[in-house]
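Asks: attaching a predicted model along with its sequence, questions to come.
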Amino acid sequence: MYRYDEFDASLVKDRVDQFRDQVALRISGEITEDEFKPLRLMNGLYLQLHAYMLRVAIPYGTFDSRQMRMLAHIADKYDKGYGHFTTRQNIQYNWPKLDEVPDILRDLATVEMHAIQTSGNCIRNVTSDQYAGAAKDEIEDPRPWCEMIRQWSSFHPEFSFLPRKFKIAVTGAAHDRAAIQVHDIGATLTHNDNGETGFTIYVGGGLGRTPMLGKKIRDFVPRAELLAYLEAVMRVYNMHGRRDNLYKARIKILVHEIGAEEMIRLVDAEYEDIQKNGALGLPEEEIARILNYFAPPAFEPLDETDTSYAEKLNGDLAFANWAKTNIAEHKAPGYAIVNLSLKPIGDIPGDISAEQMYAVADLAERYSFDEIRATHEQNLTLPHVKQSDLYELWQKLTDQGLATPNIGLASDIIACPGLDYCNLANARSIPLAQEISNRFADLDRQHNVGPLKIKISGCINACGHHHVGHIGILGVDRKGKEYYQISLGGSADENTSVGKILGPSFDEHSITDAVETVVNTYLGLREDGETFLAAVGRVGLEPFKEALYGTD
Amino acid sequence: MAGKSNKTLPPQVLTANQLFDGDVVYWREDGTWAQDLPDAFIFEAGAGIEAALVRAEADVEASKILDPYMFAVSIDEGIIHPSSVRETIRAKGPTVRLDLGKQAA
Amino acid sequence: MALIKNGAFADDTWIDANDNEALTDQATVVSLHRWQSETDVLKSRNAPLGLRLDAGESPEAIADDIDQFDLIKLNFPAFKDGRAYSYARMLRQRYGYTRELRATGNVLRSQLQFMHRVGFDAFEVDERITPEVYAEEVSRLHEVYQPSVDDEHPVFEKRVKK
């Protein structure tokens, strides 16, 4: 994991001091809300329905026990004893008081954390594969590059007042777990024919009101040129992105309007110039320094499969069920990647109590080389667990309510905070997630249904990624009442696609039945071994429409 | 136009969030802010709204409150019911955590 | 409005001319439109010439005429409109402009360091921003992560030197 040196620490400290001054100016009335709002947003502080909300960055989703304990401490001391993990690998607190936020940021800084650029029209927290550094299908660990992007994009003097927010995602594996094609910039780590490391760059993906998939604008950017190339894209966007209409201000609209070819031409011209004048090529020493922080932990030489683990799988059905969905293959023999579900049946997706945070910190220290990951699907991951420890770990996770065996199944639902908390929402998301989760509580049924990603957003901003849900649900407001629209066939992996809307929306009392009808329709028409997503791809929307709306 | 009544308008309540902690507040008849919806002043048929909004704006400038606005309510046996889910949730707290927000107090 | 130049209050000796106004022999700032429609007249004039660029008017339009201007003003129509940050950097870095580069419009104190970093050396500010406030804000962050057009050494350079 990356550790701050004195320079990183100095910057974060300066930022905390600056925000403390700004909050003081605001409370004393010396600056207006109009002037203060962009400042608080740059520090992740929103005003929501009931209170302020503070969004803390977990850069590329990687953190450790010390940081998790601080997150727990903050939940206890300044908030109401819990936090909420988001689809951006961040954590949110829902009840901080304005004058205490500088203290929260100060406390976070002691463990090398911050809320910098978790909001505002700037480059946001860079996200990545939660299995980075552990996944069997990985080419290289993308996180060193995420860290370089984090540093380059922090307090960038040219790109802090962009037309709109800007999200970058990086993956280093063949299977895309970071949804890179629905980000403003998606970067895939790759090797060229000479075995050199570089990045394939996609630009202009995004969800929200106008979902679009990123267009590939460069096959290979050499790794030392990554920042220079990103700077070129940012400058084109900063100068040419639309500023006349909030809803058309994201880079996806620019790319859509001028076309990928023109975008490539503009970016290439800037890139050429930046290479001449910009001095942004990273020194090899600095690259080596950062790579070194992400060197693999000292894995023990182990057999590919641990025998005790295999025995427990045969002997304990509950454990086997958990292992079936919540464990992923690790690159090191005898190790496993463990997913901690933050989706207990009928509970709030992504919420975690301070007590659970402390427990996860202890378990990470004991079983996972002190590493924790936050996933964009609102779960947690312990990336490096010995197979021989899995049974014991599972028992402890079970005690904490963190071992729901549902990763990737119907009850592993993404849901934004929705109208229960969010000022932008049109409808509630969480109660619907809870109801669907309860409806599909039976594990045999979930296994029978198979892989199913249900994603719920409470408004068109799509924080719940509904466009890329196998079943996507969008909450809409009709005269103060909540309605829900279903789309099918979305996907956020390497075969990213945007789901198609089925038809008229459902009210809060009929939406869960409608989802169940969709699932039952799939069960009735699927071919052998065909997943929900594959079936929708094969048969299209018609059979589902017919089941829901009849054939008039 | 101040003070002119409009029979077609539903009863309304003036709300905002406190600067200090973001808490939801409601305008009282005396121009102070109440924490709870039952204490809110009810504007009937649009009367007095403009004057109240002017005074609320002064509280914005005095850095007491943020984003004041009116919302529609209905009155049933003396109890104020917001006409939207959103305002019902603001008045009570998250529907998924009954232990939090105003409803918990 | 006050003018802060190189960190101190300065008198503004420039006249902002609108597009129809007859020009005097005083130092005068004109719009891009006027520059483009009266280039020859303005070039032959014997007094300092300045140029105003609004957001949306890229300095690319005057790339070949940089030497004609003793002052370039970049306007921020709203603090949220960050186009002029790129314009400033391009002027300094790409087109080699070395004279006064002034920020006008909606300039917030919290933005001064970023503006300074991309090459602004003069700022039209409201009365709350004094040279003392300027000095405090412009050195808020003691380290920087990126090279820009100021003299700051980004931390990756400092690390390598260590």
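Replies: That came through fine.
Asks: which residues in chain B form strands?
Replies: Taking DSSP state E, the strands of chain B run over residues B:12-18, B:24-27, B:33-34, B:65-76, B:79-82.
Asks: could I get the average pLDDT for the fourth one?
Replies: To tie it back to what came earlier, the one meant is strand B:65-76. For strand B:65-76, mean pLDDT rounds to 96.
Asks: which positions within that strand qualify as buried?
Replies: B:I65, B:L66, B:P68, B:M70, B:F71, B:A72, B:V73 (16 or more other Cβ atoms under 10 Å in any protein chain shown). No exception for glycine: its C-beta is placed from N, CA and C like everyone else's.
Asks: that strand versus strand B:12-18: what angle between them?
Replies: Angle of strand B:65-76 versus strand B:12-18, following axes from the mean of the first three to the mean of the last three Cα atoms, to 10 degrees, is 150 degrees.
Asks: and strand B:65-76, how far from the chain's centre?
Replies: Averaging C-alpha positions (Cα atoms, centre = their mean, to the nearest Å) puts strand B:65-76 4 Å from its chain's average.
Asks: what strands line up against that strand, and which way round?
Replies: Counting by DSSP bridges, the strands paired with strand B:65-76 are strand B:12-18 (antiparallel), strand B:79-82 (antiparallel).
Asks: C:E143: which of those strands is closest?
Replies: Closest to C:E143 of those, according to Cβ to Cβ: strand B:12-18, at 35.9 Å.
Asks: contact partners of the closest one?
Replies: Applying Cβ atoms under 8 Å, 6 or more residues apart in numbering or on different chains, the external contacts of strand B:12-18 come out as A:47, B:23-27, B:33, B:37, B:40-43, B:46, B:49, B:52-53, B:56, B:59-60, B:64-73, B:80, B:82, B:87, B:90.
Asks: format the strands of chain B as CSV; extra columns: distance to C:R94.
Replies: Compiled in CSV, those are given as follows (distance: least, Cβ to Cβ, whole Å):
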stretch, distance to C:R94
strand B:12-18, 46
strand B:24-27, 51
strand B:33-34, 54
strand B:65-76, 43
strand B:79-82, 56
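Asks: poorly predicted segments of chain A, please.
Replies: Applying pLDDT under 70 to chain A picks out residues A:278-279, A:551-552.
Asks: and A:I352, that's in a strand?
Replies: Yes - assigned with DSSP: H, G, I helix; E, B strand; the rest coil, A:I352 falls within a strand.
Asks: tell me what it is bridged to.
Replies: A:G83.
Asks: show me the contacts for it.
Replies: Contacts here follow Cβ under 8 Å, 6+ apart; on that basis A:I352 touches A:Y82, A:G83, A:H84, A:F85, A:L342, A:V360, A:L380.
Asks: so which of those is the closest to chain B?
Replies: Set against chain B, the nearest of the contacts of A:I352 by Cβ to the nearest Cβ is A:Y82 (8.7 Å).
Asks: please name the nearest non-neighbouring residue to that closest one.
Replies: A:S353 (5.0 Å; Cβ to Cβ, 6 or more residues apart in numbering or on different chains).
Asks: before we move on, the earlier item: so which of the strands paired with strand B:65-76 is the most packed in?
Replies: Mean neighbour counts were taken over those using mean count of other Cβ atoms under 10 Å in any protein chain shown, and the top value, a mean of 21, falls to strand B:12-18.
Asks: mind checking how far that strand is from the chain centre?
Replies: Centre-to-centre, strand B:12-18 and its host chain are 3 Å apart (Cα atoms, centre = their mean).
Asks: kindly format the C-alpha coordinates of it as CSV.
Replies: Written as CSV, here are the backbone C-alpha positions of strand B:12-18 (Å, rounded to 0.1, in the frame of the first residue of the first chain):
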residue,chain,number,x,y,z
GLN,B,12,-48.1,25.8,2.6
VAL,B,13,-45.2,25.7,5.0
LEU,B,14,-41.9,27.5,4.8
THR,B,15,-38.9,25.3,5.4
ALA,B,16,-35.1,25.5,5.3
ASN,B,17,-32.0,23.8,6.7
GLN,B,18,-29.9,25.2,9.5
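Asks: make sure A:E270 is actually in contact with A:V236.
Replies: Yes - here A:E270 reaches A:V236: they are 5.8 Å apart, a contact under Cβ atoms under 8 Å.
Asks: these two - which one has more neighbours?
Replies: Shown here are A:E270 and A:V236; by other Cβ atoms under 10 Å in any protein chain shown, A:V236 has more neighbours (26 against 23).
Asks: and the strands in chain C?
Replies: Assigned by DSSP E, chain C shows strands spanning C:2-5, C:8-9, C:15-16, C:28-31, C:49-53, C:71-76, C:100-105, C:122-125.
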